[in-house]
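Novice: Sequence below, structure please.
(chains A and B)
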Amino acid sequence: MINRTAVYVLWLREMKRFLRAKSRVIGALAMPLFFLAFLGMGFSRMKVPGLASDVNYIRFLVPGIIGMSILFSSTFAGLSVLWDREFGFLKEIMVAPVSRVSIVIGRIAGGATTTIIQALLILFISILVGFKIITVPLFLLAIVFMILIAVTFIGLGLIFASKMRDMQGFSIVMNFVIFPIFFLSGALYPLENFPSWLRYISHLDPLTYGVDGLRGALIGVSSLPIASDFIILLIFSSVMIALGAYFFEKSESV
Amino acid sequence: MLFSAEKLVQSALIVIFMLYNIGYFNRLFIQKKMSDYAIKVEDLTKQFNSVVAVDHISFTVDTGELFGLLGPNGAGKTTTINMLSTLLHATSGYGEVAGFNITKHRDHIRRSIGVVFQEPALDSKLTGKENLEFHAMMYGIAKEERRERIEQVLGLVELNDKANVLVEKYSGGMKRRLEIARGLIHRPKVLFLDEPTLGLDAQTRRNIWDYVKKLNKEAGVTIVLTTHYMEEADYLCDRVAIIDYGKFVAMDTPARLKDILGGDVVSMEIDGNADAFVSQIKTFTWIKKMNRHDETLSLTMEKGERRIPELIRSAQKIGVNVTSVHLRKPSLEDVFLYFTGRTIRGGEAGQNDRYRQTMRRRIHAR
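Specialist: As a prediction, this is how the structure comes out:
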């Protein structure tokens, strides 16, 4: 059922587009880096409640910002189906004799790779300015978490893309879905500061487990055990990808 | 005797083997397996909410035929193509393309057809060659074969020197040619061309017509094209279906469609005894219709160009001077008018289409 050549060529196309759109990459890096720099500097002297005493705010912030960058670019990667529809290329993909599953997997592979390259660039820049990773195995574990977050939100993007006809609904998705997911995840502050009802809601947010898992892997501090973060996120990503693929297959491509 | 019979069998075997190798038998075999028609459609219907875009159409297209769907914008041409190329599900009705059912064997159809869409379906951030490579890989063509065929189709549409240029730098005509080339890489049995020359200049249009004709005649590809250009349908198609509001109003060869109108119109201006001339030519049985406005006669007949000398001769016989003759061949435009009561350009693009087109232009302009 899965056509490996088709998956590969869809992935390859995404890579080529990514490498050619340097301004897009710089643009996608700028916002998380500004968040990191200004929030980090602005709050560095402040005592953030809920933070372990040996963790300074900027160290706490780095995994959150990486999670944020993955959230934004992977949702966008899922939604990019809409651009292909707008520019007609989706028809070229859909009329090809490959299973729809291969097309979805190719998209996810491409989107996840570009997303993780961006996330690693942010991590790399953070390391340059003094962030320290703990051990190599934990760093590799962080990459696993990155992949899971990316796959989850590409799936979400695909679901939205199949329900929208064009890019006009994009700002609605941005403001009413992506930003709440971002703020609820505790990427910027410890969730312990939330009132309990809001904390309850934040546990429905897949990014919460993603950011917590990234923190566990990158700075060694997490509010949930890292294994439960992993398992919950694994379930989230499988469900999202299955739903994304289902909706993508159902939607008509013209 | 025995020896020569053996020799005979041997050489026969060699001939068979050679024929087999050059694909002759292969082709015979495939053609035998395939039905005579490439497309068969019965009562095909597509409904979008309350709008019936395609309304119970039925037709067949023979293998090797160049078939045209002619109609104004919004008549249902593209929707028909989208259903036949598996991009849209039909609401009801039966369709068969290259011997496969459009609802049951979608993957088989996808393998057997090529589609050139009305709007460009290229990735503008890839080069021309990369677009072709993408396509070839999606269709599972192996590396060596791929390189060969890409070279070949690029040559066909004369884009070799632009192969490594990003598609966003291509002109409209080049994009169109690239898409036609792409539609051929996997050697489809049936090629759908949706408005292949829309918005192109006369020169490019001419070239594309020639490619399409060559393709059909030399490679034997069955071609279904949609158009709202009368000249295009007339020049290219073996058979034309006129579609209006989702329904077929007529279907035949361009020549026979035009014959329905009764033939050519010859207009003559005469000087002299017009009454005498009229009574003279009334005896000609091949004149189907005659209209007279003072000194001007409009006569409907078949093969007007062959009758003009005779008309002039009979005028001279009774001393009537013919001051001018004008011959008008009926066009498909007249046929369309005859069947629908409208001209084809009366159909306007919807508000939404126009909005999308401007958006696209703006995005492309950046």
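Novice: Run through the residues that contact residue 66.
Specialist: In the absence of a named chain, this looks at chain A. If you count contacts by Cβ atoms under 8 Å, 6 or more residues apart in numbering or on different chains, A:Ile66 has them with A:32, A:119, A:122-123, A:146, A:214, A:218. For the C-beta atoms, the positions are set from N, CA and C on the backbone; glycine is no exception.
Novice: sorry, should have said chain B
Specialist: Contacts of B:Leu66 by Cβ under 8 Å, 6+ apart are B:212-213, B:216, B:222-223, B:225, B:236-239.
Novice: cutoff 6 Å now
Specialist: B:216, B:223, B:236-238 (Cβ atoms under 6 Å, 6 or more residues apart in numbering or on different chains).
Novice: just curious, which of those residues is nearest to B:Thr78?
Specialist: B:Ile223 (15.9 Å; Cβ to Cβ).
Novice: Just say helix, strand or coil for that closest one.
Specialist: Classification of B:Ile223 using DSSP: H, G, I helix; E, B strand; the rest coil returns strand.
Novice: residues touching the nearest residue to B:Arg307 once chain neighbours are set aside, list them.
Specialist: Spatially, and ignoring its direct neighbours in sequence, B:Arg307 is nearest to B:Met301 (5.6 Å; Cβ to Cβ, 6 or more residues apart in numbering or on different chains). Listed by Cβ under 6 Å, 6+ apart, the contact set of B:Met301 reads B:263, B:286-288, B:307.
Novice: Can you pull out the low-pLDDT segments for chain A?
Specialist: Where chain A drops to pLDDT under 70, the residues are A:252-254.
Novice: what's the neighbour count on the residue lying closest to A:Arg100 once chain neighbours are set aside?
Specialist: Excluding the flanking residues, the one nearest A:Arg100 by Cβ to Cβ, 6+ apart is A:Glu249, at 4.5 Å. Neighbourhood size, A:Glu249 [other Cβ atoms under 10 Å in any protein chain shown]: 13.
Novice: So which elements touch the helix or strand harbouring A:Glu249?
Specialist: If you go by DSSP states H and E, A:Glu249 is part of helix A:226-250. Helix A:226-250 sits against helix A:100-128, helix A:136-163, helix A:206-218, with contacts defined as 3 or more Cβ pairs under 6 Å, 6 or more residues apart in numbering or on different chains; DSSP states H and E.
Novice: Write out the residues of chain B neighbouring chain A.
Specialist: B:82, B:85, B:87-88, B:107, B:110-111, B:115, B:117, B:119-121, B:123, B:125, B:134, B:137-138 (Cβ under 6 Å from any Cβ of the partner chain).
Novice: Let me see the ranges of the helices in the stretch 101-250 of chain B.
Specialist: B:106-112, B:128-138, B:143-156, B:172-185, B:202-214, B:230-236 (DSSP state H, counting those that start in this stretch).
Novice: Just tell me which of those ends up closest to A:Phe76.
Specialist: Once the helices of the stretch 101-250 of chain B are compared by Cβ to Cβ, helix B:128-138 is nearest, at 21.5 Å.
Novice: out of the helices and strands packed on helix A:226-250, deepest packed?
Specialist: Most buried of these by mean neighbour count (mean count of other Cβ atoms under 10 Å in any protein chain shown) is helix A:206-218; its value is a mean of 27.
Novice: Which elements pack onto it?
Specialist: By 3+ Cβ pairs under 6 Å, 6+ apart, helix A:206-218 packs against helix A:57-86, helix A:136-163, helix A:226-250.
Novice: and the first one, which residues are buried?
Specialist: In other words, helix A:57-86. For helix A:57-86, burial by neighbour count (16 or more other Cβ atoms under 10 Å in any protein chain shown) applies to A:57-82, A:84-86.
Novice: same check, this time on the last one
Specialist: When burial is assessed from 16+ other Cβ under 10 Å, helix A:226-250 yields the following buried residues: A:226, A:229-230, A:232-233, A:236-237, A:240-241, A:244-248.
Novice: about what we covered before: nearest to B:Met268, out of the helices and strands packed on helix A:206-218?
Specialist: Across the helices and strands packed on helix A:206-218, closest to B:Met268 is helix A:57-86 (Cβ to Cβ), at 56.8 Å.
Novice: quick one: whatever helix or strand comes next after that closest one near chain B?
Specialist: Moving toward the C-terminus from helix A:57-86, the next helix or strand (DSSP H and E) is helix A:89-94. Yes: using Cβ under 6 Å from any Cβ, helix A:89-94 reaches chain B at A:89, A:91-92.
Novice: Arrange those in CSV, one row each, with distance to A:Ala52 and neighbour count as further columns.
Specialist: Formatted as CSV, the residues of helix A:89-94 next to chain B follow (distance: Cβ to Cβ, whole Å; neighbours: other Cβ atoms under 10 Å in any protein chain shown):
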residue, distance to A:Ala52, neighbour count
A:Phe89, 49, 23
A:Lys91, 53, 21
A:Glu92, 52, 24
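Novice: now those residues as JSON lines including distance to B:Ile150?
Specialist: JSON lines is the format used below for the residues of helix A:89-94 next to chain B (distance: Cβ to Cβ, whole Å):
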{"residue": "A:Phe89", "distance to B:Ile150": "18"}
{"residue": "A:Lys91", "distance to B:Ile150": "21"}
{"residue": "A:Glu92", "distance to B:Ile150": "16"}
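Novice: closest to A:Leu207 among these?
Specialist: Checking the residues of helix A:89-94 next to chain B one by one against A:Leu207 (Cβ to Cβ), the nearest turns out to be A:Phe89, at 29.8 Å.
Novice: What distance do you get for the closest residue to A:Ser126 other than its chain neighbours to A:Ile127?
Specialist: Of all residues not flanking A:Ser126 in the chain, A:Val62 sits nearest, at 4.9 Å (Cβ to Cβ, 6+ apart). From A:Val62 across to A:Ile127, the span is 9 Å (Cβ to Cβ, to the nearest Å).
Novice: Nearest residue to A:Leu214 in space, please, no chain neighbours.
Specialist: A:Leu214's closest residue in space is A:Pro63 (Cβ to Cβ, 6+ apart), at 3.8 Å.
Novice: thought the one you found was touching A:Ala217?
Specialist: No: A:Pro63 is not in contact with A:Ala217 according to Cβ atoms under 6 Å; the separation is 7.9 Å.
Novice: tell me the contacts of the nearest residue to B:Leu166 once chain neighbours are set aside?
Specialist: The shortest distance from B:Leu166 to any non-neighbouring residue, by Cβ to Cβ, 6+ apart, is to B:Thr127 (5.5 Å). When contacts are counted by Cβ under 6 Å, 6+ apart, B:Thr127 touches B:164-166.
Novice: Flag every buried residue along stretch B:94-113.
Specialist: Across stretch B:94-113, burial judged by 16+ other Cβ under 10 Å covers B:95-100, B:102, B:105-106, B:108-113.
Novice: To which secondary structure element is B:Leu69 assigned?
Specialist: B:Leu69 belongs to strand B:66-70, assigned by DSSP H and E.
Novice: so what strands line up beside that strand?
Specialist: Based on DSSP bridges, the pairing partners of strand B:66-70 within the sheet are strand B:222-227 (parallel), strand B:239-244 (parallel).
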